[in-house]
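Kindly return the folded structure for what I paste below:
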Amino acid sequence: MTDLIVTKTGRAGHVTLNRPKALNALTHTMCLDLELAMTDWENDPSVDLLLIDATGEKAFCAGGDIVSIYNEGKSGQIENSRKFWRDEYRLNHTIATYAKPYVAIMDGIVMGGGVGISAHGSHRVVTERTMFAMPECAIGLLPDVGGTYLLGQMPGASGEYAGLTGARLTGADCIHAGLADYLVPSDKLESLKAALQETGDIAVLQEFSIEPEVSSLETNRAAIDAIFAQDTVEAISQSLQDDPSDFAQAALKGLSRGAPLMLKTTLAALRAARVDGSLEHALRNEYRIVSMALKDGELIEGIRAAVIDKDRSPKWKYPTLESVPQKLVDRLYHPAEDGDFAID
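Numbering: from 1, shown residues only. Sure thing, here's the model as predicted:
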């Protein structure tokens, strides 16, 4: 069974993630195969659009294959993971700049690497089953695959809120945040895909789209902006501790799961991406951090606690915000050890 099903149906190039038991977690080979299909179809006059979806109802894609990254990191094979990240980031940029409509069906869980192959697309569809999150801080990483760029484009300080707490966003939240464009009921997806394949016309997306419910991001916007626009993670954490509201206490719980090193790095990277406004530069900065994550970061311990031993009790090297050396956060501003990521 192939992990990526690539077909051409009607007027559409169709890619389906096919690892449902692994929640369609993205492997290095899947990234390369998706990029190859995109290259083949970009100049094919019989293909009007690219459609990407996934098998199973639970997840579009729950992230990258972090178990493989863990095993390689434990054996000291960090170059394999670095190559994966470089190729994955190139794919993310290719999706964002693709010449033809790129229609992503973001049904079910969408996290990490799944965000990278969907939210950078030109036409992004969510459903009532969508659960979007970037919880990388909890495994000792920062929101990558261009995540800091996407979070930086969200309204107000909602990007800081989502990135630091790993908050789970609904389809309505994604529409409000600019992470998606259309909300389509899950029972209409097969009809939508058939219409796209038959016509090659993205206008049919509007025909199947419905108005989203009120977003919790919008409802909590005042609190989010007041708390998460502050200058430091320490100040954000203290404000959450001082606020007895259900929203603040839930956000504090989410923030507390993150590796302090990555919380501080994420805040810096997100705000740098917002100021710069360039996806390529955001990917470059993210690579500067992830390229060291297995060598002397918190990633191995984070993955161990989350998916290997599943004890949910990581023993961070830097267990408090105050213990984080500023020089590690400042890696964001210096070239990567093996050379910066750049679009060739």
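
chain center to the helix ranked longest in the chain: distance?
Determined from DSSP state H, the single longest helix within the chain is helix 78-96. Computed by C-alpha atoms, centre = their mean, to the nearest Å, the chain-centroid distance of helix 78-96 equals 13 Å.

Which residues does that helix contact?
Judged by C-beta atoms under 8 Å, 6 or more residues apart in numbering, the contacts made with helix 78-96 from elsewhere in the structure are 26, 28, 31-32, 34-35, 38, 64, 69, 72-73, 102, 113, 116-117, 120-121, 144-146, 279-280, 283, 286-287, 290-291, 294-295, 338, 341, 343-344. No exception for glycine: its C-beta is placed from N, CA and C like everyone else's.

just checking, which of those belong to strands?
When DSSP state E is applied, these are split such that Tyr102 fall in strands.

For PyMOL, write the selection for the buried entries among the contacts of helix 78-96.
Here is the PyMOL command that selects only those of the contacts of helix 78-96 that count as buried (16 or more other C-beta atoms under 10 Å):
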select buried, resi 26+28+31+32+34+35+38+64+69+72+73+102+113+116+117+120+121+144+145+146+279+280+283+286+287+290+291+294+341
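
returning to that earlier point: just the mean pLDDT for the longest helix of the chain, thanks.
The pLDDT scores in helix 78-96 average 96.

In it, which residues are buried?
Applying a neighbour-count criterion of 16+ other C-beta under 10 Å, one finds 78, 80-82, 84-86, 88-96 buried in helix 78-96.

Now the terminal residues of stretch 336-344, how far apart.
16 Å (C-alpha to C-alpha, to the nearest Å).

And the contacts of it?
Under the contact criterion C-beta under 8 Å, 6+ apart, stretch 336-344 has outside partners 79, 82, 85-86, 89-90, 93, 280, 283-284, 286-288, 291-292.

switch the cut-off to 7 Å
With contact meaning C-beta atoms under 7 Å, 6 or more residues apart in numbering, stretch 336-344 is reached by 82, 86, 89-90, 93, 280, 283-284, 287-288, 291-292.

And stretch 298-311, by the same measure?
Contact with stretch 298-311 is made by 66-67, 70, 73-74, 138-141, 259, 261-262, 293-294, 312-317, as judged by C-beta under 7 Å, 6+ apart.
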